[in-house]
Every structure is written in structure tokens, then in C-alpha cells.
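Chemist: what would the 3D arrangement of this be:
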Amino acid sequence: MSIASIDRTPITADSSRPSEPTPPSTNAAPRLRAVPHGTEARGFVLYVGLDETKATDAGTELSALVEKLKAVIAEYAPAAQTHAAVALAPVGAGGRDVDVVRLALQDPAALAKHRQVDEPAAKRASGVIIDISRKRVILDGEAAALTFKEFELLQYLVLREGRTIDRSEIIGSLWSAGVGPSADDDIPNERTIDVHVRRLRSKLGDYEDIVRTVRGVGYRFDRHADVAIHQASTPSPDFF
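Modeler: This next block holds a predicted model:
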């Protein structure tokens, strides 16, 4: 309908008839159910559970999928901004891929579910629980008294399961980066790293051999059947 054809006759209120509510405009954009009043949607997250092996078996790569998704978004909404990150998990951690992704990228619902741990059951359990999300280690139901740096050292090895880490890499990653409460500590030499590992092992007690020495090379995390690893809830690094 053109503007010229609109009926501009003044409308007066009829006091003999009760006023009827004005129907909502059909042009108003529908609100998302999850968005409460007083807030506005600024974007969305799509969690994709797919490891590199499954992507390869399907004849593609994770990076290729990301680029295609970005292209689709740019086609439908050129003004949209995109950001992609990869979700990391220790090798052999198990679980559904999409659950690992949601937890690693800090999806609030996934974090809430993860934190609903049966604490009494955890305390009764035997073996080792390396809880990366809470930065703690449980040995036969009791919390190990690890320092921040000792946990960071163990975590560094755990997240690189199956690979032997040399001493220079440990120094460069855990001391030279200037991260954490011990960032101002003196940077150790390679010989001093052995002392840190020895202290860590002493606190692991009967499970000290999960940190194995590879003579002449460095250290490696060895997973045992009685070792459980709770996934990290810290953000994964940008990848694409």
C-alpha cells in the first residue's frame, strides 16, 4: 500500500464502547524464549562435537568446517562478527564430544552439571582424581596438599599425556611465561626442575609413578587404571 492511499480521516473515541486493546504489531521481531525482558540477544554459540579423527573419516577437517560456517554466516548476515576456538581434552578422556566441548568452553549449563559432583562418593573412592577444573588432586578420598606450582606442573604433564616433556619446555611454559601466583619466583634451571618433580611425587604418595622419568629426556604422565581426570573448565586456546 502506498502512502498516498492511506485513509487519513481523524478517528474519535466512542465513549459508548469500551476501548479494545491494540493488537501487537505483526512487524515486531519475535523474541527468543531464552532471552528475558530487559536484555537483548547479541549473538549465539553453536557447540560442535567432532574430533579430528572423525572429521578425517568424514573426508574433511575442523578448520575447513569452520571456514564454511563462517562463509554461510557472512552470506546471510554480512555484518556478523565471528570467533572460533578449539576445545581441548586429555587423550583418552572419553565422554561425548559435544559434552567435552561445552565444558571446555565454559557453557554455564555444562559447568553447573559438572560441579554437581557427589562429594561423599568422591571421598570414599580409591585411586587418584586429578580435577583440572577445580585445581585439586584427590588421593584415596583425601585432598593432596599440592602448591599452586606443583599442581600446574602435574596439569602440564596430564594435558600432554603420552608425550615426554623435556625440562627446558617445563621451565619456559611454567616459569618464563609469568603466569600465576608464582610468576615472580626465580626461574629455575633444568637441575632444579628435578627437585620440583621430586616434591610433587612425594605428595602423590603411593601414586608417585604416574609422573615417570624418561632418563636423559624429561618427564611423562602415565595414566593408570585407577586414575580419573576431570575435564578443565578453563577456556581452550584460539585455534582458527
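
Chemist: do I have it right that Ile210 meets Val137?
Modeler: No - judged on C-beta atoms under 8 Å, Ile210 makes no contact with Val137 at a distance of 10.0 Å. (Glycine included, C-beta is placed from N, CA and C.)

Chemist: more neighbours: which of these two?
Modeler: Between Ile210 and Val137, counting by other C-beta atoms under 10 Å, Val137 is the more crowded of the two (24 against 19).

Chemist: what sits against the more buried one?
Modeler: Neighbour list for Val137: 128-131, 143-144, 146, 151, 154, 204 [criterion: C-beta atoms under 8 Å, 6 or more residues apart in numbering].

Chemist: between Ile210 and Val137, which contacts overlap?
Modeler: Residues touching both Ile210 and Val137 (C-beta under 8 Å, 6+ apart) are 128, 204.

Chemist: let's verify the nearest residue to Ile138 once chain neighbours are set aside: helix, strand, or coil?
Modeler: Spatial nearest neighbour of Ile138, chain neighbours left out: Ile129 (4.0 Å); criterion: C-beta to C-beta, 6 or more residues apart in numbering. Assigned state for Ile129: strand (three-state reduction, DSSP: H, G, I helix; E, B strand; the rest coil).

Chemist: circling back to that earlier point, which of the contacts of Val137 sits closest to Ala228?
Modeler: The closest of the contacts of Val137 to Ala228 turns out to be Ile129 (C-beta to C-beta; 5.0 Å).

Chemist: can you get me a residue count around the residue nearest to Ile138?
Modeler: Using other C-beta under 10 Å: Ile129 sits among 22 other residues.

Chemist: could you measure from it over to Ser202?
Modeler: According to C-beta to C-beta, to the nearest Å, Ile129 stands 19 Å off from Ser202.

Chemist: coming back round to it: can you pick the most crowded of the contacts of Val137?
Modeler: Highest count within these by other C-beta under 10 Å belongs to Leu154, 24 neighbours.

Chemist: may I have the helix or strand where Leu153 lies as PDB, with CA atoms only?
Modeler: Taking DSSP states H and E as the definition, Leu153 sits inside helix 148-158. C-alpha atoms of helix 148-158 as PDB (Å, rounded to 0.1, in the frame of the first residue of the first chain):
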ATOM      1  CA  PHE A 148      49.900 -23.900  43.000                       C
ATOM      2  CA  LYS A 149      53.100 -24.600  41.100                       C
ATOM      3  CA  GLU A 150      53.100 -28.300  41.900                       C
ATOM      4  CA  PHE A 151      49.500 -28.600  40.500                       C
ATOM      5  CA  GLU A 152      50.500 -26.600  37.400                       C
ATOM      6  CA  LEU A 153      53.400 -28.900  36.800                       C
ATOM      7  CA  LEU A 154      51.200 -32.000  37.100                       C
ATOM      8  CA  GLN A 155      48.500 -30.500  35.000                       C
ATOM      9  CA  TYR A 156      51.000 -29.600  32.300                       C
ATOM     10  CA  LEU A 157      52.100 -33.200  32.000                       C
ATOM     11  CA  VAL A 158      48.500 -34.500  32.200                       C
END
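
Chemist: give me the contacts around that helix.
Modeler: With C-beta under 8 Å, 6+ apart as the criterion, helix 148-158 contacts 90, 130, 132, 135-137, 146, 165, 170, 173-174, 180-182, 185, 196-197, 199-200, 203, 211, 219-221, 229.

Chemist: all set now, cheers.
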